[in-house]
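Colleague: Have a look; sequence and predicted model below, questions after that.
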Protein chains: 4
Amino acid sequence: MAIDFTLTAAQRKLQRNAREFAVEILQPLVRQADEHPDPQKAFEAMKGAYIECYKLGFAMGFLPRKYGGGGVSNIDLQVVSEEITAVDPGFATILLVNGLALMPLVWFGPEDQKRRWIGEATSDPRGEYLAGWTVSEAAGTPGGTANFDHPGGFPAGIGLVAKHDKGRGEYVVNGAKYWPCNAGGWDLRGANVNVCVVRTDPRKGGKSGLSAIIVPRGARGVTYNAPISKIGHRLCQNNSIVFENCRVPEENAFAVGNGDLVVSKAFTWSGPVAAIAAVGVARAAYEYILKWAKTYTAGGEKPIIHHQAVGYLLAEVAMKIEACRAFAWKAAHYLDLHDSEGHAVGAMAKVLCGEILFDAVFRAMQAMGVNALDKTHPVEKFLREALVFPLYDAGNVGMQMRKIWGVMLAPDFDPRAIANCEPIRFQKSMEGVGTLAPHDAQSASSGATHVSKGRKSTGISPAPQARLARSHASRKAGTIS
Amino acid sequence: MAIDFTLTAAQRKLQRNAREFAVEILQPLVRQADEHPDPQKAFEAMKGAYIECYKLGFAMGFLPRKYGGGGVSNIDLQVVSEEITAVDPGFATILLVNGLALMPLVWFGPEDQKRRWIGEATSDPRGEYLAGWTVSEAAGTPGGTANFDHPGGFPAGIGLVAKHDKGRGEYVVNGAKYWPCNAGGWDLRGANVNVCVVRTDPRKGGKSGLSAIIVPRGARGVTYNAPISKIGHRLCQNNSIVFENCRVPEENAFAVGNGDLVVSKAFTWSGPVAAIAAVGVARAAYEYILKWAKTYTAGGEKPIIHHQAVGYLLAEVAMKIEACRAFAWKAAHYLDLHDSEGHAVGAMAKVLCGEILFDAVFRAMQAMGVNALDKTHPVEKFLREALVFPLYDAGNVGMQMRKIWGVMLAPDFDPRAIANCEPIRFQKSMEGVGTLAPHDAQSASSGATHVSKGRKSTGISPAPQARLARSHASRKAGTIS
Amino acid sequence: MAIDFTLTAAQRKLQRNAREFAVEILQPLVRQADEHPDPQKAFEAMKGAYIECYKLGFAMGFLPRKYGGGGVSNIDLQVVSEEITAVDPGFATILLVNGLALMPLVWFGPEDQKRRWIGEATSDPRGEYLAGWTVSEAAGTPGGTANFDHPGGFPAGIGLVAKHDKGRGEYVVNGAKYWPCNAGGWDLRGANVNVCVVRTDPRKGGKSGLSAIIVPRGARGVTYNAPISKIGHRLCQNNSIVFENCRVPEENAFAVGNGDLVVSKAFTWSGPVAAIAAVGVARAAYEYILKWAKTYTAGGEKPIIHHQAVGYLLAEVAMKIEACRAFAWKAAHYLDLHDSEGHAVGAMAKVLCGEILFDAVFRAMQAMGVNALDKTHPVEKFLREALVFPLYDAGNVGMQMRKIWGVMLAPDFDPRAIANCEPIRFQKSMEGVGTLAPHDAQSASSGATHVSKGRKSTGISPAPQARLARSHASRKAGTIS
Amino acid sequence: MAIDFTLTAAQRKLQRNAREFAVEILQPLVRQADEHPDPQKAFEAMKGAYIECYKLGFAMGFLPRKYGGGGVSNIDLQVVSEEITAVDPGFATILLVNGLALMPLVWFGPEDQKRRWIGEATSDPRGEYLAGWTVSEAAGTPGGTANFDHPGGFPAGIGLVAKHDKGRGEYVVNGAKYWPCNAGGWDLRGANVNVCVVRTDPRKGGKSGLSAIIVPRGARGVTYNAPISKIGHRLCQNNSIVFENCRVPEENAFAVGNGDLVVSKAFTWSGPVAAIAAVGVARAAYEYILKWAKTYTAGGEKPIIHHQAVGYLLAEVAMKIEACRAFAWKAAHYLDLHDSEGHAVGAMAKVLCGEILFDAVFRAMQAMGVNALDKTHPVEKFLREALVFPLYDAGNVGMQMRKIWGVMLAPDFDPRAIANCEPIRFQKSMEGVGTLAPHDAQSASSGATHVSKGRKSTGISPAPQARLARSHASRKAGTIS
């Protein structure tokens, strides 16, 4: 063990394979799919490439070898992810989401469930297997997800209720989700499994009474509406789902009462992956524009990189990419050391790299000038993709920053622990910081409370899913959005 | 005269009219047009709203009363522009471009031409009149526009050549343009007039030997290809045009030998308009997200604005909008005082407001979180629109910043002149700073020169227009892109 | 009334006078005073220049004519302040603080007090009159000032208690202050008056039970310790004061129960002044470095401004200065329209200009390079001065941003009111947002509460004043810091 | 070899030793020395601590074992430097400068010189040995250093001339230096050796005709004036030196004709050290303010870190520190792999970490508020120290960014080489980019040329050294500053 930034021979091979796949198989599909106005069609167009990935081990590689996975480390995942995201981060998200859904089972599930579900995920002979990560809910009042760990009572926070019918040994799931990824599956009839964060105890609010539950494809009472059309990451599928008396065997539940920890850890694990994805996109933008700047003259005598302003802009972009890669690796390495218990550093990498590199892509575009707006070139897409990182995967402002803050607030927090690779145990007490308790007597809140009651008076038309969910489920108080 | 930030009664009326037009007539058309994959269709969908604008005096209002225009000041224009750009800045650009095309005639043209062309522009009974601003050219080696004022020889810089055929009293125009706005007209058969910057003396390069020439609709030898599909400002038309032996009467030329000054002044005049357009877009994003933040809870007990991080983000966005509006007004006021000779402050407003507010829109989106990516909401469009400001209208890095630098470099530059509302005379000697002379002996340039020769070896697929122009005109060395 | 950025003839005269004073009288004193290790000596060295200012009307000009003041507007004050702060913002702060102290009396005081105290302030034949603004307290647990408007009980928040001895018609003041400005007077025996924010009702905490009280020079029981030595603004005096049974006539109190509003409004009034002070300092840095860049070659053939990176850096600095001046003026104009009730825009100007221009000074230094570190040049001082703006005068993070947030939170907040010059009434309900109630059940707080009890276990050595105050007053629970 | 961020046992020991030294021996000396108005006195106060360092192997540890050094790697140096700079980066600079001076000998010197001089440096029984790095010159016209690699003729660029007197086998050195570090030695009579970059061929200008020469303590004709008083890094000595017919044996020269490469490589080697120094300072600021924020309430009920704005600010600061450490390590690792030939990545780390962390220290101060200005606390010093990094050691704008740009401009530059740990050979052709040739016909330059002639008309008083040097050497045209 010693500070080192060189890939092992195995990692170089992984990198080569990922790059070949990305450039040769994925790249030719991207533009047309991205431009498709129907996001479901864009997603479906990825199926062939996904199957290739599955075969190459990229779709389930992060799962433990013991259950048929590839056992690749978080660092290995960095190497693979950079190559794929440099071509299309939306596609890469499909792969990542398998992990968001199934790694919680690895960390929190009982042995037999791991064996069953992960075994199934890693042994699909057709290579089409998809796992959906089903947490977020539509905005509303109450509604939305970022403050799910608030200290107050239900309703508020996660509103998908799984009621335990002990008599039949089942959970009965009612409510709706918005934003889940992969969840609709290739045909919009469901991923092979959906790992859903649900409220198993509706007497409790906020971070209490939450659990994870596996809803397999084919479960009755689940409706997958048209996927969300997004500005970026158009090649992955984000869903709007309604559950109506969907019954699931009780043994499909895990992390009962600890669904909050599932959410916190899953979005920690994905932090460094989001960070390196930002690196991948920025690298692609930088390389394209560097070539442009070394080629075109913009009406002068020499390629524009000979202008100091352009040269410095690109140098700045380059150094931000290098720094962010180093930091994403650092975070992944920390997660490797501590069984993905790196809630602060994982979030830090996600936040910092996503924000710095969104700006870097914008600045690289400035070096290119007005042509950067032209859809003939891929750079406007790079910006749309880079925009996603600070906003998705537990948005920076609402969730990831609060998680770091929560860790730092602990009385025994050691500000050198991350540098020293020492463990920081994440605890429930670190959740919920900065959320607002219902009894807060903040002076300006009376009006706002008034607003929050008048759901219909907002003047902002709610998302279509919210409307839809309401029509499906409006008589079940508190079960929606 | 005294420092004041209040609108006159007349300006409040202008503001009201503009707002009513924008909200009642323009707004209902925007979303569908923006989503249309064919930019020409998007542009055509604006025709009715444009005619309304024409009638309201917004399409030609900035032209002098003497020739039938509205004689509105730059400050008045700020008031109108903010209201329209808050709804759609692409549409507003159609109006602005009339000014970019025709104001040069006001400043540089002979009396009879003003009377004729501006008279025509301001008296269209159908209200469809469009003027195209035709300067930029496709990237290439040589090619592109940002460094058109380089000190070297031709080819390089503006490559659209207008050869004077004295015998027939005509100019013969050959070459191509890329990015001109409004130029194709409603039917892609030409704007009513196109004001083109051309090289009338191809023995001279760079900023020498340039002139402006009016090419009226119907002139032979002009081909308008499919408009450019852009990430933002999709409702205005950006053209790819090829000229082949297009003959224009010699009296249509003006600013002969001073085409460089035309470019510098036109993009100075539009600077404060671009600045207030950035304000308009950011204001729309801010107001939408402020309402969101005061309404939705994101899973907590209270609307998210009760969280300090959200409140501070929105406060920061708000103050940037207020500051940028004040600065855009300052620049417009300076232009009003000095017959639009405000090359430094005009550019400053364009650069600063565009860059600060692009970031502000992004940060406002962060307050909203992942829902900001959902095309159900208009905010992703606000970002796409805001992205345009730092890149269009003489890109910040390549042209606008160089213009400020050029002014500052003058030995007698007074750094307090702008604050004191004192005139700064723009001179040809202020152009061309930072451009690279052909004899620069920079050590690393040999390889780059090699690259610039190998146009085909770049690996970047050139813009379609460049390909097309090449097929049309490939035998005329140096006349294209 | 119309949008305008030109000075009136009277303002040009004010500007000329202020500039002459600053360059001819103040400038020669600055360097030596700034370098003096003893801040009291530095302050004393300003006395002569202060007297000149008093005679010129700059020391009390903002006070109403009715009581002998100059009746200058907030806009006028902008003009004067920029000229003086460009030479030394610490000196300018001495003048400003007269206003922070006495303007509350103008807004909140009874007629006879205004007549008496303001009359006295404006009629000092020796021109030495100083008014101290005495609000802030030393950090501690409890202690400090930024969250004085928290909703909890006392102790916490402002701890200087003024007990009403109705029998003797007096208030008895006990406790300590840290940071008050001008308060110690030229001889450290007291300013002519100190306007102190005190807790007149110690049964109430936070923003309740606060009042203002005038403590005249010579009042017994007040000890002025050595002034605070600061990194910047060294020429003004910041005090550490202990009150022990200091008795003041009851008619010296005003705004009884509304001391919170006094604090909020005073720091609103000073917001645009702080903003233009940041402009003054940045302008001075910019002009110095612009001249440097046009003179020195850094080893090359031409002055360094001929390098694009340097030219662009300075252009960026210049545009930030212009934009911030426009915004500071906008805020001052709004305050002029609405009797200084501009709590949002005043704070916005203070926050934005201070932060943008601190960065601008740093970036200007980068254009100059390593020589910017050399104390031979004034630029390192410019940075030290610019650093003060985001931190003093109700720090941005703790107070000014919260004030904006509080205004924005109101249900009827109109986001266009500032642009439209429409009034926004500040109300007590807008205070206290984001402060933390004692009953907040935030999960990670247990440890922190523990810390807050263990005042001695912090490991950070408290400010000397805190130590001192403790020794003076440690037996009076709740009376200190 | 594999990506890793853990220290070896040996590195942990180094870290422990460095930390102990820094906290126990250095820390108690810092405050008083920093406050001393005479920089020479401040430097002298470090002598005892320096001797301790020498004994611990920190003063010469980076020199090869073969010649008596410690043979520590660049990565090891990171570990040590962070601990010392966290206490005082000025002191750490004394150590670093030994390397800047002597590592060039390791890279470019002949075997016998290495043996002699490095042997001497590593075997001082008193542990006082200092090596001075003597490159920079005073600003002037011509004068200064940043563009020393310009393509023009002499004078301009480095003006210290070493004329070869072949007859006597000596170089005769005339001229002056400004900014050299350590050069004056403990007693201002000279460091043990000064490694000077000199012009050995004054017929050549710019980067041509430069060499390195060792001037030992005691050489005649060298005058050390009072050291430069700086805003930060006050504990190291920056010198103003005049050479008058100083004679040095010819065998003391090395890298003859390649002095340019010496400069480029030395400031590449120091890049990652400057980067980790920025980490050290920022870490110290962060830890101090984190403790503050967890302790003090600022008048509220809970320590201020419970406010979201404060928590997020500190989280942002923390993540920037973590990211910059990872990047500094990456750069150091790259240098270890390639014999310090990492001109791009070394400069990138220096530029990015210095700029990000200067801002981070400022933002941490904002969390603390006004108390951050009080010299009672060390945080104002942290800012003064952090300010130095973007400006010293080959300033970012003038030298380090140009170096990166020069590398990127090469036709065969591989943008993935740094990530892949592949070598990038630095070549003379990469120098001099963006410098301005004398024949540049830039239009606005006439006036500027005029300015550059009128050295006396600038209105900026030149640095005292320049004045002094002039009086010493004014008859030798072109040899000074």
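Modeller: Nice, thanks for sending it over.

Colleague: Please name the residues that touch residue A:210.
Modeller: With contacts taken as C-beta atoms under 8 Å, 6 or more residues apart in numbering or on different chains, residue A:210 has the following neighbours: A:148, A:158, A:197-200, A:257-260, A:262-263. C-beta coordinates here come from the backbone N, C-alpha and C atoms, glycine included.

Colleague: rerun that using 7 Å as the cut-off
Modeller: A:158, A:197, A:199, A:259-260 (C-beta atoms under 7 Å, 6 or more residues apart in numbering or on different chains).

Colleague: and it, how far is that from chain B?
Modeller: Distance, residue A:210 to chain B, by C-beta to the nearest C-beta, to the nearest Å: 11 Å.

Colleague: Do you know the pLDDT at residue A:155?
Modeller: Looking at residue A:155, its pLDDT reads 86.

Colleague: if we can go back for a sec, could you dump the contacts of residue A:210 into CSV with neighbour count added?
Modeller: Output for these, formatted as CSV (neighbours: other C-beta atoms under 10 Å in any protein chain shown):
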residue, neighbour count
A:158, 29
A:197, 27
A:199, 28
A:259, 30
A:260, 23
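
Colleague: On the three-state scheme, the residue lying farthest from the centre of chain A is what?
Modeller: No residue in chain A sits farther from the centre than residue A:301, which is 45.9 Å out by C-alpha atoms, centre = their mean. Taking DSSP: H, G, I helix; E, B strand; the rest coil as the rule, one finds residue A:301 in the coil state.

Colleague: What separation do you get for it and chain B?
Modeller: Distance of residue A:301 to chain B, computed by C-beta to the nearest C-beta: 4 Å.

Colleague: residues touching the closest residue to residue A:166 other than its chain neighbours, list them.
Modeller: Excluding the flanking residues, the one nearest residue A:166 by C-beta to C-beta, 6 or more residues apart in numbering or on different chains is residue A:250, at 7.7 Å. Residues counted as contacts of residue A:250 (C-beta under 7 Å, 6+ apart) are A:164, A:169-171.

Colleague: got the residue ranges for the helices in the stretch 51-200 of chain A?
Modeller: Ranges of helices within the stretch 51-200 of chain A are A:74-85, A:89-108, A:111-113, A:119-121, based on DSSP state H, counting those that start in this stretch.

Colleague: One more: the stretch 301-450 of chain A?
Modeller: Secondary structure of the stretch 301-450 of chain A by DSSP H, counting those that start in this stretch: the helices cover A:308-337, A:343-368, A:379-388, A:401-409, A:445-453.

Colleague: In CSV: those, plus distance to chain D, mean pLDDT and mean neighbour count.
Modeller: Output for the helices of the stretch 301-450 of chain A, formatted as CSV (distance: least, C-beta to the nearest C-beta, whole Å; pLDDT from 0 to 100; neighbours: other C-beta atoms under 10 Å in any protein chain shown):
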stretch, distance to chain D, mean pLDDT, mean neighbour count
helix A:308-337, 4, 98, 26
helix A:343-368, 4, 98, 27
helix A:379-388, 15, 98, 25
helix A:401-409, 4, 98, 26
helix A:445-453, 16, 33, 17
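
Colleague: Out of these, which gets nearest to chain C?
Modeller: Closest to chain C of these is helix A:445-453 (C-beta to the nearest C-beta; 2.9 Å).

Colleague: Any figure for the gap between the residue nearest to residue A:166 and chain C?
Modeller: Going from residue A:250 to chain C by C-beta to the nearest C-beta gives 29 Å.

Colleague: same thing with residue A:123?
Modeller: 41 Å.

Colleague: and stretch A:113-127, how far apart are its ends?
Modeller: For stretch A:113-127, the separation between the terminal residues is 21 Å (C-alpha to C-alpha, to the nearest Å).

Colleague: Over to stretch A:175-193?
Modeller: 18 Å.

Colleague: near chain B at all, that stretch?
Modeller: Yes - with C-beta under 7 Å from any C-beta of the partner chain as the criterion, chain B is reached by stretch A:175-193 at residue A:179.

Colleague: what about stretch A:253-265, start to end distance?
Modeller: Chord length of stretch A:253-265, first to last residue, is 17 Å (C-alpha to C-alpha).

Colleague: Return the set of buried residues in that stretch.
Modeller: Judged by neighbour count (16 or more other C-beta atoms under 10 Å in any protein chain shown), stretch A:253-265 contains these buried residues: A:253-256, A:258-265.

Colleague: Leaving out chain neighbours, which residue sits closest to the residue in the stretch 151-300 of chain A positioned nearest to chain B?
Modeller: Closest residue of the stretch 151-300 of chain A to chain B, C-beta to the nearest C-beta: residue A:300 (3.2 Å). Distances taken as C-beta to C-beta, 6+ apart place residue B:147 nearest to residue A:300, at 3.2 Å, with adjacent residues excluded.

Colleague: How confident was the prediction at the one you found?
Modeller: 93.

Colleague: again, but for the one 3 residues further on
Modeller: pLDDT for residue B:150: 90.

Colleague: do the same with residue A:5
Modeller: For residue A:5, the pLDDT comes out at 98.

Colleague: Would you agree residue A:342 is in contact with residue A:336?
Modeller: No - counting by C-beta atoms under 7 Å, residue A:342 stays clear of residue A:336, with 9.1 Å between them.

Colleague: can I get the helices of the stretch 301-450 of chain A in JSON lines with distance to chain C?
Modeller: JSON lines is the format used below for the helices of the stretch 301-450 of chain A (distance: least, C-beta to the nearest C-beta, whole Å):
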{"stretch": "helix A:308-337", "distance to chain C": "4"}
{"stretch": "helix A:343-368", "distance to chain C": "12"}
{"stretch": "helix A:379-388", "distance to chain C": "22"}
{"stretch": "helix A:401-409", "distance to chain C": "4"}
{"stretch": "helix A:445-453", "distance to chain C": "3"}
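
Colleague: Reformat the ones you listed as a markdown table; add distance to residue C:109.
Modeller: Rendered in a markdown table, the data for the helices of the stretch 301-450 of chain A read as follows (distance: least, C-beta to C-beta, whole Å):
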| stretch | distance to residue C:109 |
| --- | --- |
| helix A:308-337 | 55 |
| helix A:343-368 | 48 |
| helix A:379-388 | 53 |
| helix A:401-409 | 43 |
| helix A:445-453 | 31 |
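
Colleague: who are the neighbours in contact with residue A:102?
Modeller: Going by C-beta under 7 Å, 6+ apart, residue A:102 touches A:63, A:118, A:121, A:131, A:195.

Colleague: If we use 10 Å, what do you get?
Modeller: Residue A:102 is in contact with A:60, A:62-63, A:67, A:69, A:109, A:114, A:117-118, A:121-122, A:131, A:133, A:193, A:195, A:214, A:266, counting by C-beta atoms under 10 Å, 6 or more residues apart in numbering or on different chains.
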